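Asker: sequence unknown, structure follows:
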């Protein structure tokens, strides 16, 4: 938006078809649709778009083919005969180790991990952010700084102590253990997100409520929360996609019957024994990616806001 | 409920009591997990813990063993190569895409959606897809061969010397959309007058980008670099999904080394030492950045 004027003149300068327009004082010039500049521009973007879309296309196409067709053809050719059998198999029959009930178990595990993790981490972080923004106490900024710096520490450094803690509590290998881990590691970014948002709200509002006698929780529940719906949605998008896509915590903190979908998917596809059923593998891959993709397409610009906020800014 | 303002000066500890109660999870996380956990791991990296952590100190023996292990050296080399290349390529590709997107184009939303959607996918999904696309028997290589170039060879995931580039392709596919978004936001933040002034001075567009716009976007670049860099050090899922570290040990990365030694080889001491080295790597990246951003007494715009 910043440079319409510049680019129009550049375009006109390059383009020999439209020199008669000259330098007019009023409004942007109409741009010829087929200028060399436009061909270059859209050509480059088109090629780039192709690179980004191709894997998705290959995934879908492969998942709809039968195995004989895969062995014959190339991965880019569209299926001659569309079959949904690989999808059914991926969902309900594919084997990981001893279990042969497909991805469905992993899917429900992931749901049972993601839902409480998202709720708990957002609940904790929003209250934290609120306390940091409006009720600072001695040391609060210090703890917050540690939290933010902690976000940069590689998880591998903290994983084993957490294993010990969870084992001591007796929830190592359970879904609740993983929920706690996700809530802990979601805290830095979410707290930052909420703190920055609450700081941006007008202070008079908070002061007026205090004068009226509202307390810590009352102000939070009745004033802050209703005003912060957008940021709650952003936090939710950030957490749902982040937790759903997690692999490392899943593989460390769960056991085969509590594996989240990503871990199960990797085990199905990268299992060494048996014939590789590429169509089933690709169907399984799509199924696992479906939840974050739906979140992405439904939430649109909010997703961008979420990742921009999640992209730890000091 | 607030328990303050009454009775003159209440106990100092009870001031803001609710805020303190609400902050307990944060305080616990900060102290127990982040500080405690980190120190615990660093501390135990000087022991010869095997299956279970135990307190028998061996000095820096674990680190000597680590750096003598070909697998770790390969992991570090891979990380360095992968890191430098992915930093350069994602910045260049991300910036070019953003600059193109900033030209008042049609279908901007469509393009943005296409470039960013891989970022919504997990590294596991990304890795598996590219494992399939780069499959020598069915993927790119076989397609090009079937077009007539029968000697065409493009087999990165099964060729030790270039396997890391195969991983890089997938990583760039997944991550450049985010870089583009950040860069686009940065470009949109540049004042229109800058462009006008540059035009009046007759500076060509590429020069305006190179000499004026990019230096002005310094904060965006720094943020982006820190994000990419801290992601690079953690790279794990992608390698597991795409190659499982193979062929042989040729696509090993530090994060995978740590996991394997902690949870599979039952050699905790090695795992702790390796993860401490990862911590050092991150510190090397973060400390100068934090200094530039917050220290040095410089005012930021």
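Answerer: All right, it came through fine. Since the model is a prediction, treat every value here as computed from it, not as a measurement.
Asker: and the residue nearest the centre of chain B, how far is that from chain A?
Answerer: Most central residue of chain B, judged by C-alpha distance to the mean C-alpha position with Cα atoms, centre = their mean, is residue B:231 at 1.1 Å. Taking Cβ to the nearest Cβ, to the nearest Å as the measure, residue B:231 and chain A are separated by 10 Å. C-beta coordinates here come from the backbone N, C-alpha and C atoms, glycine included.
Asker: find the nearest non-adjacent residue to that residue, please.
Answerer: Nearest-residue entry for residue B:231: residue B:175, 7.2 Å, with adjacent residues in sequence omitted and distances by Cβ to Cβ, 6 or more residues apart in numbering or on different chains.
Asker: burial count for residue B:291?
Answerer: Summarising burial for residue B:291: neighbours were counted as other Cβ atoms under 10 Å in any protein chain shown, giving 10.
Asker: secondary structure element for it?
Answerer: Under the criterion of DSSP states H and E, residue B:291 resides in helix B:268-294.
Asker: report whether that helix contacts chain A.
Answerer: Yes - using Cβ under 8 Å from any Cβ of the partner chain as the criterion, contacts between helix B:268-294 and chain A involve B:268, B:271-272, B:274-276, B:278-279, B:282, B:286, B:290, B:293-294.
Asker: if any of those are buried, give me the ChimeraX selection for them.
Answerer: The following ChimeraX selection, which keeps only the buried ones among the residues of helix B:268-294 next to chain A, applies the criterion 16 or more other Cβ atoms under 10 Å in any protein chain shown:
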select /B:268,271,272,274,275,276,278,279,282,286,293
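Asker: what's the closest of the residues of helix B:268-294 next to chain A to residue A:132?
Answerer: Sorting these by how near they are to residue A:132, with Cβ to Cβ, puts residue B:294 at the top with 17.3 Å.
Asker: roughly how far apart are that closest one and residue A:199?
Answerer: Distance, residue B:294 to residue A:199, by Cβ to Cβ, to the nearest Å: 17 Å.
Asker: residue B:37 - how many residues pack around it?
Answerer: Counted with other Cβ under 10 Å, the burial measure for residue B:37 works out to 24 neighbours.
Asker: what about it, distance to chain A?
Answerer: When Cβ to the nearest Cβ is the yardstick, residue B:37 and chain A sit 4 Å from each other.
Asker: now swap in residue B:175 and tell me
Answerer: Per Cβ to the nearest Cβ, residue B:175 is found 11 Å from chain A.
Asker: look up the pLDDT of that residue for me, please.
Answerer: In the prediction, the pLDDT value recorded for residue B:175 is 91.
Asker: what packs against the helix or strand containing it?
Answerer: When secondary structure is defined using DSSP H and E, the element that contains residue B:175 is helix B:163-188. Contact here means 3 or more Cβ pairs under 8 Å, 6 or more residues apart in numbering or on different chains; DSSP states H and E; on that basis helix B:163-188 packs against helix A:36-63, helix A:301-310, helix B:70-101, helix B:108-120, helix B:123-133, helix B:218-234, helix B:237-242.
Asker: what angle sits between that helix and helix B:70-101?
Answerer: Counting by axes from the mean of the first three to the mean of the last three Cα atoms, to 10 degrees, helix B:163-188 lies at 30 degrees to helix B:70-101.
Asker: got the angle for helix B:163-188 vs helix A:301-310?
Answerer: Computed by the same axes, to 10 degrees, the angle between helix B:163-188 and helix A:301-310 is 100 degrees.
Asker: buried sites along helix B:163-188?
Answerer: For helix B:163-188, the buried set under the neighbour-count rule, 16+ other Cβ under 10 Å, comprises B:163-164, B:166-184, B:186-187.
Asker: again, but for stretch B:132-145
Answerer: Within stretch B:132-145, the residues scored as buried using 16+ other Cβ under 10 Å are B:132, B:133, B:134, B:135, B:136, B:138, B:139, B:140, B:141, B:142, B:143, B:145.
Asker: quick one: the nearest residue to the fifth one once chain neighbours are set aside from chain A, how far?
Answerer: Counting by Cβ to Cβ, 6+ apart, residue B:136 lies nearest to residue B:155, which is 4.3 Å off, once chain neighbours are set aside. Counting by Cβ to the nearest Cβ, the gap from residue B:155 to chain A is 14 Å.
Asker: list phi and psi for residue B:155.
Answerer: Here is the backbone geometry of residue B:155 (degrees, to the nearest 10): phi -140, psi 60.
Asker: what does residue A:96 give?
Answerer: In terms of degrees, to the nearest 10, the main-chain angles of residue A:96 are phi -130, psi 120.
Asker: give me the element the closest residue to it other than its chain neighbours is part of.
Answerer: Nearest in space to residue A:96, with sequence neighbours left out and distances taken as Cβ to Cβ, 6+ apart, is residue A:267 at 4.2 Å. Following DSSP H and E, one finds residue A:267 within helix A:261-269.
Asker: show the average pLDDT along the following helix or strand past that helix.
Answerer: Reading on from helix A:261-269 to the C-terminus, the next helix or strand found by DSSP H and E is helix A:278-299. Mean pLDDT, taken over the full extent of helix A:278-299, equals 92.
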